[in-house]
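S.K.: structure for the following, please:
(one chain, ligands or ions: 3)
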Amino acid sequence: MFNIGCHLSSAKGMLAMGQDALSVGANTFQFFTRNPRGGKAKELDIADCEALNDLMAEHQFARIIAHAPYTLNMAAKDEGLRKFALDTVVDDMKRLSYTPSALYNIHPGSHVGQGVEKGIGLITAVVSKILEMDFQTPLLLETMSGKGSEVGRSFEEIQTIIDNCGNHQRLGVCLDTCHVWSAGYDIVNKLDEVLDEFDAIIGLDRLQAIHLNDSMTPFASNKDRHEHIGKGSIGLDAIVRIINHPKLRHLPFCLETPNDTKGHGVEIAMLKTKYLE
Ligand code: FE
Ligand code: FE
Ligand code: ZN
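M.R.: Ligands and ions are numbered 1, 2, ... in the order given. Model prediction:
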């Protein structure tokens with residue numbers, strides 16, 4: 001079964017996202033837990049969450065992805081900012097207990113000149129605290145392109161965080177195709193080798209979701225510019241190999257291409273014709 005979806009606006013609530021997903025032929029989706037720039041979340045509506053859960057069960061949805069605001073920085077220099085990241089994730093996790101199908105995706109952070117090692121240490125401290133709290137929602141670290149001082153540009157950096165957190169079972173990884181390509185992993189010409197490397201360093205059992213994006217910028221550019229599927233430097237053939245790869249094809253694939261929901265629907269329909277059932 002092909003698990004494909006796209007990023008959706010959460011403005012109309014949880015059930016509305018499930019309905020929006022169905023309307024574009026999706027059986028998974030992603031949403032920001034609150035304004036992507038941070039700030040307050042909407043008031044929790046438990047009935048709305050339960051209505052979504054019912055809809056997703058009825059229509060056999062794959063797991064959905066709740067994305068943390070991208071302004072959170074678990075590696076920030078300022079202690080107050082790190083505390084803000086922790087408090088925000090904890091609040092998100094409490095809310096996500098009402099949608100048990102959700103995975104929680106977060107950018108590891110940026111070391112802002114403190115160095116990768118220091119950054120990894122700060123991220124580890126925040127992530128460990130979250131994991132100690134025993135929320136049931138898996139926490140996924142997203143693979144990053146390496147723009148600026150982003151941590152998580154290599155499988156080694158991600159694995160160091162996981163190691164430092166005692167290889168906690170609720171810690172996973174979300175692989176963003178645009179980001180790893182921009183970070184210098186050749187998923188176009190050497191997909192098997194890249195996946196073997198991921199398996200050797202992190203372990204493919206930790207990989208729980210794919211952000212499916214083409215890239216506006218060239219290989220190893222360390223930029224983070226998503227492009228429509230087939231219109232960028234990754235290209236349609238490579239994307240088709242990714243969705244059909246025996247080690248990936250069971251995962252939820254989520255589009256974050258620069259599209260509105262209708263445009264995502266067109267991409268989803270096209271990708272469905274390329275998925276080998
Ligand atoms: Fe992201
Ligand atoms: Fe992403
Ligand atoms: Zn991105």
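S.K.: where's the residue of the chain most remote from its centre, which helix or strand?
M.R.: Distance from the C-alpha centroid of the chain, by C-alpha atoms, centre = their mean, peaks at residue 47 (25.8 Å). With elements delineated by DSSP states H and E, residue 47 resides in helix 46-58, which encompasses its position.
S.K.: OK, contacts around the closest residue to residue 225 other than its chain neighbours?
M.R.: Once its chain neighbours are removed from consideration, residue 225 has its nearest residue in residue 216; the separation is 3.7 Å (C-beta to C-beta, 6 or more residues apart in numbering). For every residue, glycine as well, the C-beta is placed using N, CA and C. Each residue near residue 216 by C-beta atoms under 8 Å, 6 or more residues apart in numbering is listed here: 223, 225-227, 232-233.
S.K.: for residue 217, same thing?
M.R.: If you count contacts by C-beta under 8 Å, 6+ apart, residue 217 has them with 182, 223, 225, 233.
S.K.: name the residue of the stretch 51-200 of the chain with the shortest distance to ligand 2.
M.R.: Nearest to ligand 2 in the stretch 51-200 of the chain, going by C-beta to the ion, is residue 176, at a distance of 3.7 Å.
S.K.: element containing the nearest residue to that residue once chain neighbours are set aside, please.
M.R.: In space, residue 176 comes closest to residue 211 once its chain neighbours are excluded; the distance is 3.8 Å by C-beta to C-beta, 6+ apart. Element membership of residue 211 [criterion: DSSP H and E] is strand 207-212.
S.K.: list the contacts of that strand.
M.R.: Contact partners of strand 207-212, identified using C-beta under 8 Å, 6+ apart, comprise 4, 30, 63, 65, 103, 105, 138, 140, 142, 172-179, 198, 229, 239, 242-243, 248, 251-256, 271.
S.K.: and that strand, C-alpha only, in CSV?
M.R.: Coordinates of the C-alpha atoms in strand 207-212 are reproduced here as CSV (Å, rounded to 0.1, in the frame of the first residue of the first chain):
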residue,chain,number,x,y,z
LEU,A,207,13.6,5.5,9.8
GLN,A,208,9.9,6.2,10.2
ALA,A,209,8.9,8.8,7.6
ILE,A,210,10.1,10.4,4.3
HIS,A,211,9.7,14.0,3.4
LEU,A,212,9.4,13.7,-0.4
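S.K.: just to revisit the earlier point, helices or strands up against the helix holding residue 47?
M.R.: Applying 3 or more C-beta pairs under 8 Å, 6 or more residues apart in numbering; DSSP states H and E, one finds that helix 46-58 contacts helix 14-23.
S.K.: quick check: the residue of the stretch 51-200 of the chain closest to ligand 2 touching residue 142?
M.R.: Yes: A contact is recorded between residue 176 and residue 142 when judged using C-beta atoms under 8 Å, the distance being 5.8 Å.
S.K.: just say helix, strand or coil for residue 174.
M.R.: Secondary structure for residue 174, judged by DSSP: H, G, I helix; E, B strand; the rest coil, is strand.
S.K.: one more: residue 93?
M.R.: helix.
S.K.: do residue 141 as well
M.R.: Taken by three-state DSSP, the conformation at residue 141 corresponds to strand.
S.K.: mind checking pLDDT for it?
M.R.: Among the per-residue scores, residue 141 shows a pLDDT of 99.
S.K.: show me what contacts it?
M.R.: Residues touching residue 141, when contacts are defined by C-beta under 8 Å, 6+ apart, comprise 106, 108, 127, 152, 158, 161-162, 171-174.
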